[in-house]
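Colleague: have a look; sequence and predicted model below, questions after that.
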Amino acid sequence: MSATLPAEAPLFPLVFSRLFPSRTGLVPGGVWIQGVSLGEVEVSLTLATELTRRRPSIPLLLSATTPAGVGLLSRRLASASLPWRPFPLDLPSAVRRFFDAERPRLLVLVETELWPAVLNEARRRGVPVLLANARLSERSAARYRRASALFSGPLSALTRVLARTDVDAARFVEIGVPAARVVASGDMKFDHAVLMAPHQAGDLAWKAGAIGTNAEGKPSGWAMVDPLMLTLKNDPDVYVIGDAVGMVSPQFLFYPKAGHVANAHGRIVAGYIAERLAGRAPKPALPDNLCYMLVNGEPRESVAVQFD
């Protein structure tokens, strides 16, 4: 499977290639980087880019597990010289075949990649295993503790665990990874974060005295609005729509700061005013929200989801 694939790799060829892995042409003694799906593959690509920049002589191999992850690898590496392939099924025969073909000198697993057959084979061959951007929820840690007899051998193959947080690091130690091999190194996905500067309602809301206060009695930065009727809590004849609207509830927090929501607010308030002019009490209404999510950078693909 070396051709460019769609957003998700075809299932049957993917399963076959994971069960019967073949040679990719990686120079023996390279670094094998594995990520399960889209998020992990992004981290894998970041790692590969940095390794290539720092040590261009080291051969690399990237792999992924899910159809979406394999599809992303195929598209992102279509014009690159880096080889990629599907991750083998975690069966001893498939895993041995993969190691025989590629003979890596280092295996890098992204996040929570604790595959028993892969880890056991790496340990048998003396291949160091690095768990990068490692995370482990309390629920997953409890499962590993219950299955300690099954995972004690595979976990011993982990040469180093680079955990996202101190909490993640502690959980890996709790499930049996020696503390000397675990370190909290931060979240590699931060490289893809979108930072937003502090923001607040516009000058008009401040000049109108519409800004509410927080639990400490300080200005909240947002209009103090009835979340259902969209009127100021201290003046029911003043309506506020759009970004200036403050927190709706401790659970829901804020309405999304989006043009779609502001437009919906405008339609709702127009209906409220019409009802009041007709001498009727308006019935509360809630806006819907249209959320656009970028799911792939190249080729650019996005999804629009409407929440009612």
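Modeller: Looks like it came in fine.

Colleague: how about whichever strand or helix holds Gly212: buried residues?
Modeller: Secondary structure from DSSP states H and E places Gly212 in strand 211-213. Under the neighbour-count criterion of 16 or more other C-beta atoms under 10 Å, strand 211-213 has Ile211, Gly212 buried. For glycine as for every other residue, the C-beta is placed from the backbone atoms N, C-alpha and C.

Colleague: name the next helix or strand downstream of that strand, please.
Modeller: Downstream of strand 211-213 (by DSSP H and E), the next one is strand 219-223.

Colleague: can I get that next one as PDB, trimmed to CA atoms?
Modeller: Output in PDB follows, covering the C-alpha atoms of strand 219-223 (Å, rounded to 0.1, in the frame of the first residue of the first chain):
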ATOM      1  CA  PRO A 219     -16.000  42.900  36.000                       C
ATOM      2  CA  SER A 220     -16.700  39.700  34.000                       C
ATOM      3  CA  GLY A 221     -16.000  41.300  30.700                       C
ATOM      4  CA  TRP A 222     -19.400  40.300  29.300                       C
ATOM      5  CA  ALA A 223     -22.900  41.600  29.500                       C
END
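
Colleague: chain center to the helix or strand containing Gly71: distance?
Modeller: Using DSSP H and E, Gly71 sits in helix 67-76. Its chain's C-alpha centre and that of helix 67-76 lie 16 Å apart, by C-alpha atoms, centre = their mean, to the nearest Å.

Colleague: same check on stretch 234-253?
Modeller: 31 Å.

Colleague: okay, it in PDB with CA atoms only?
Modeller: Extracted C-alpha coordinates of stretch 234-253, given in PDB (Å, rounded to 0.1, in the frame of the first residue of the first chain):
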ATOM      1  CA  ASN A 234     -31.100  44.800  35.500                       C
ATOM      2  CA  ASP A 235     -33.100  46.200  32.600                       C
ATOM      3  CA  PRO A 236     -35.600  43.900  30.800                       C
ATOM      4  CA  ASP A 237     -36.100  46.500  28.000                       C
ATOM      5  CA  VAL A 238     -32.500  46.200  26.800                       C
ATOM      6  CA  TYR A 239     -31.700  43.200  24.600                       C
ATOM      7  CA  VAL A 240     -28.100  41.900  24.000                       C
ATOM      8  CA  ILE A 241     -27.200  39.600  21.100                       C
ATOM      9  CA  GLY A 242     -24.000  38.100  19.700                       C
ATOM     10  CA  ASP A 243     -20.600  38.200  21.200                       C
ATOM     11  CA  ALA A 244     -21.400  40.500  24.100                       C
ATOM     12  CA  VAL A 245     -23.700  37.900  25.700                       C
ATOM     13  CA  GLY A 246     -22.100  36.600  28.900                       C
ATOM     14  CA  MET A 247     -22.100  33.200  30.500                       C
ATOM     15  CA  VAL A 248     -25.300  31.200  30.000                       C
ATOM     16  CA  SER A 249     -24.800  28.700  32.800                       C
ATOM     17  CA  PRO A 250     -22.000  27.100  34.800                       C
ATOM     18  CA  GLN A 251     -22.400  23.900  32.800                       C
ATOM     19  CA  PHE A 252     -23.000  25.400  29.300                       C
ATOM     20  CA  LEU A 253     -20.700  28.400  29.800                       C
END
